[in-house]
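Novice: Show me the folded form of this:
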Amino acid sequence: MGFFIILTMNKRGPIITVIGVVIIGISLSIAGSIVPSNFTDPDDFSVPSLLEGMFNDISDEIQIMPGDSTFVSYSTLFSDVPLLWGIQIIDYQSGDKLYIKISNIFGDDYGEFVQNEPILFEVLEITQSDTLNFEIQNLGTRNVNVITMFSEDPENSDALSNPDSPVMNMILPLVISGFLLILGAIISIIGVIVILVDWKNNQNSKRNY
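Specialist: Residues are numbered from 1 along each chain as shown. Presented below is the predicted three-dimensional model:
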């Protein structure tokens with residue numbers, strides 16, 4: 001009976017570790033289940049397709065040559081609401097760089113931004129209805145394809161207020177996946193600690209004999 005208890009104790013560490021790894025696997029499986037089935041190439045990744053219903057306006061793809069600029073305008077409908085805007089470089093490669101300058105039809109400056117990542121999101125506080133002009137300049141060395149996205153008052157958009165919206169259907173699995181990932185990692189670490197403690201106790205027992 002004593003031998004069985006010792007054998008079980010020696011196995012408890014690996015068992016705990018395996019349980020943690022299984023939970024991590026379940027977490028990754030849940031996260032993978034929300035990726036669109038047609039997403040097979042990183043170059044096909046599109047924020048609007050994943051956050052369907054989140055944006056009021058999404059532009060078509062715009063190609064910008066090195067050194068050239070393009071202009072995109074957006075007219076806000078409401079006053080005193082935040083405007084979420086974003087730019088995505090569809091075929092992003094290391095070294096791509098954009099310069100964005102925002103102003104209105106009266107020449108008022110809303111800020112300047114530099115984007116050297118695939119996606120840039122910023123929020124502007126719009127005090128009254130306005131037409132914003134986005135000057136997007138390609139500072140890189142190759143042609144880039146970009147899309148622009150706009151969402152007024154994003155916190156109260158249908159995408160977040162409707163529990164059946166595609167965005168909410170994606171957020172809930174991500175929350176569950178994140179929780180399971182953390183839980184699995186903690187359990188795995190505990191399992192490794194138990195293995196080390198049992199190994200140390202086993203070594204001390206051998207010295208005593």
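Novice: switch to C-alpha atoms for all contacts and neighbour counts from now on
Specialist: Will do.
Novice: Name the residues of stretch 173-191 that come out as buried.
Specialist: Buried positions in stretch 173-191, judged by neighbour count with 16 or more other CA atoms under 10 Å: 173-174, 177-178, 180-181, 183-191.
Novice: who are the neighbours in contact with the residue nearest to Gly86 when sequence neighbours are not counted?
Specialist: The shortest distance from Gly86 to any non-neighbouring residue, by CA to CA, 6 or more residues apart in numbering, is to Phe121 (4.3 Å). Applying CA atoms under 8 Å, 6 or more residues apart in numbering to Phe121 gives the contacts 84-87.
Novice: Could you check how far stretch 101-109 is from the centre of its chain?
Specialist: Its chain's C-alpha centre lies 30 Å from the corresponding centre of stretch 101-109 when counted by CA atoms, centre = their mean, to the nearest Å.
Novice: For it, output the C-alpha coordinates as CSV.
Specialist: Extracted C-alpha coordinates of stretch 101-109, given in CSV (Å, rounded to 0.1, in the frame of the first residue of the first chain):
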residue,chain,number,x,y,z
LYS,A,101,-2.2,64.0,-41.6
ILE,A,102,-5.8,64.8,-40.6
SER,A,103,-7.5,68.2,-41.1
ASN,A,104,-11.0,69.5,-41.9
ILE,A,105,-12.3,71.6,-44.8
PHE,A,106,-11.4,74.8,-42.8
GLY,A,107,-7.8,73.8,-42.4
ASP,A,108,-8.0,72.9,-38.7
ASP,A,109,-5.4,70.3,-37.7
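Novice: Show me what the closest residue to Ile119 other than its chain neighbours bridges to in the sheet.
Specialist: Distance criterion CA to CA, 6+ apart; nearest residue to Ile119, sequence neighbours excluded, is Gln88 at 4.4 Å. Gln88 forms beta bridges with Ile119, Ile147, as assigned by DSSP bridges.
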